[in-house]
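*Asks:* Give me the fold of what follows.
(chains A and B)
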Amino acid sequence: MAAPRGCQTSTLARVYRALLYVIAGWSGFFVMGVELLGGRLLAPYFGSSIYVWGAIISVFMLALSIGYLAGGRASLHAPSLRRLALILLAAALTTAPILLYGDALLDRLSVAVRDPRFGSLSAAMLLFFVPTVISGMVSPYAVRLLVADLRGAGDRVGRLYFVSTFGSAAGTLLTSFYLVLYLEINQIIELMLAISALVSALAWLPTAEAVAA
Amino acid sequence: MRLTLEFAQRRLRTLLLLALSVAAGVAAAAWLPHATAAANDPRLIHSERSLYRDVLVYQDDQEHTRCLCFTRYCDIGRQSCLDLDSPDRLVFEYTQMMLGALYLNPQPRTVLIIGLGGGTLPRTLEKLLPGAQIDVVEIDPAIVRVARDFFSFQGDGRVHIIVQDGRAYARQALRGSRRYDLIMLDAYERQYIPEHMLTREFLQEVRGLLTPGGIVAANTFSSSRLYQNESVTYRAVFGPFYNLKSSNRVILAANGPLPPLSLVERNAASFARSFRPFGVSSQQVLERFSTRVDWNAHARVLTDQYSPANLLNGLPP
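*Replies:* You can find the predicted model right below:
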């Protein structure tokens, strides 16, 4: 069953859906936060020419498109809120190498690949592709858990798109207007990883457990 | 019921129309001053949209100047100006102050300029420094074209143009063997600062590209919060430096001990004659030299991890 049995209108069902929306909204925030900071991470090595941004945006779009496919496929096998939370957590964990090896990798790539277009493209690919594919899985997977009947499907999916894209807008704005003014790039990423872990943990709340059972 | 609804709809439509025409009127009124003043204003002789910005060339037929701007009516300042009657004259004070770098090291043999603009600096240095090899790095190919077509910038022989991001060039050049006696940073505008070129790491790379005793000259800003952060960042990499202020700010720093003021004064005197054709008083430039620390020494150093230069530039000092 997509939604908990026999409690369509109950508080539990509402909590369950709210969690799905929170996960999708946060995932949107996370993706755009990382994308924006990605430009910052690459700039010292490849500059901030138009093709550096072109490379980053292309990689994110490609990764998301593949993520949508993968998320849809994954939702076919025993979908659950907790598995969705694990997807969110996996996106965070695969972002961590950026903090650990980002600079070393960028340094080597900027030496190895002379053409700055393909240098930045391969850098963006190596650093951001995997976490963004995983982030892309979140929305279609959440749709599977959210849609209970055909009639309400459009409404639920519309709301999901809303929170996810609104989250992206918020992630872009907050990061570029405020976070960079107070925190270092790596600190912002660490903060976002911590929030991802917290949001994932919500799926293990007793309420969520009761609902999902 | 239906009738009232229709009536309400019609009224709403009328109101909307009214609002639209008011808005149009206000827009027209706001635009009018520009339109009426246009007869006396400098005329636009070239405009193109490059990958990075609008590149506009205005000519003032009364003052016989031609200026490069990145915004309509040069609202946010002129990037570079050419005096059509005496093309050698340095119209802007900041370019004159940049020449102050020669007081610290009078005979640079290799020069790197990051940011071409109208090509004033390479044009001037080519004439002032016979025999010097000058590399210019400019990110925007449109600027290179416009400098050639409208600002009599030749860019041949001893001037070598590289179309590339300045930071990317610096990193690449560090792996090579070429080093510079003088590096001029002229890539910052009030409108937009390339933030990756105003960090400790970038300045360390610049320092790495300097020969021992080599000089860096940076054209930057004298107002806003950024002044504090910029100062401590240069200080962190180069130690004490000379600070020259007018409407712009020029920082002159050395790879090694800062040449003492006595030496600076002697060199300034030696340039008195050769600066004259450029309309530069070497004494006036000398009077701008200061080593006074007039910033908050505890401001945060800008790094690759922390570089909100444009946000800081929008804050009050």
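
*Asks:* List, one by one, the residues from chain B near chain A.
*Replies:* B:51-52, B:139, B:164-168, B:171-172, B:175, B:194-196, B:199, B:201-202, B:303-308, B:311-312 (CB under 8 Å from any CB of the partner chain). Glycine gets a C-beta too; all of them are placed from N, C-alpha and C.

*Asks:* Residue B:98 contacts residue B:219, doesn't it?
*Replies:* Yes: Residue B:98 is within contact range of residue B:219, at 6.0 Å (criterion: CB atoms under 8 Å).

*Asks:* Spell out the secondary structure type for the residue in the stretch 1-150 of chain B positioned nearest to chain A.
*Replies:* Of all residues in the stretch 1-150 of chain B, residue B:51 sits closest to chain A, at 4.9 Å by CB to the nearest CB. Three-state call for residue B:51 (DSSP: H, G, I helix; E, B strand; the rest coil): coil.

*Asks:* mind listing the strands for chain B?
*Replies:* For chain B, the strands defined by DSSP state E cover B:43-49, B:54-60, B:65-69, B:78-83, B:110-114, B:133-138, B:159-163, B:180-185, B:210-221, B:242-245, B:248-254, B:289-290.

*Asks:* Output those strands in a markdown table, with mean pLDDT and mean neighbour count appended to each entry.
*Replies:* Formatted as a markdown table, the strands of chain B follow (pLDDT from 0 to 100; neighbours: other CB atoms under 10 Å in any protein chain shown):
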| stretch | mean pLDDT | mean neighbour count |
| --- | --- | --- |
| strand B:43-49 | 90 | 12 |
| strand B:54-60 | 90 | 19 |
| strand B:65-69 | 89 | 23 |
| strand B:78-83 | 86 | 22 |
| strand B:110-114 | 97 | 25 |
| strand B:133-138 | 96 | 22 |
| strand B:159-163 | 94 | 18 |
| strand B:180-185 | 98 | 24 |
| strand B:210-221 | 95 | 21 |
| strand B:242-245 | 95 | 22 |
| strand B:248-254 | 95 | 24 |
| strand B:289-290 | 96 | 16 |
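
*Asks:* who touches the residue of the stretch 1-150 of chain B closest to chain A in this structure?
*Replies:* A:50, B:140-142 (CB atoms under 8 Å, 6 or more residues apart in numbering or on different chains).

*Asks:* Low-confidence regions, the chain specifically.
*Replies:* I'll assume chain A. A:1-9, A:207-213 (pLDDT under 70).

*Asks:* that's the wrong chain, I wanted chain B
*Replies:* Using pLDDT under 70, the flagged stretches of chain B are B:1-40, B:76.

*Asks:* In it, which residue sits closest to chain A?
*Replies:* residue B:165 (2.4 Å).

*Asks:* that older thread, list residues touching both of residue B:98 and residue B:219?
*Replies:* B:184, B:186, B:250.

*Asks:* Just the element for the closest residue to residue A:79 other than its chain neighbours, please.
*Replies:* Counting by CB to CB, 6 or more residues apart in numbering or on different chains, residue A:144 is the residue found nearest to residue A:79 once chain neighbours are left out, at 4.9 Å. Here residue A:144, judged by DSSP states H and E, is contained in helix A:116-146.

*Asks:* Now do that helix: which elements does it pack against?
*Replies:* Under the contact criterion of 3 or more CB pairs under 8 Å, 6 or more residues apart in numbering or on different chains; DSSP states H and E, helix A:116-146 touches helix A:11-46, helix A:50-74, helix A:81-112, helix A:153-174.
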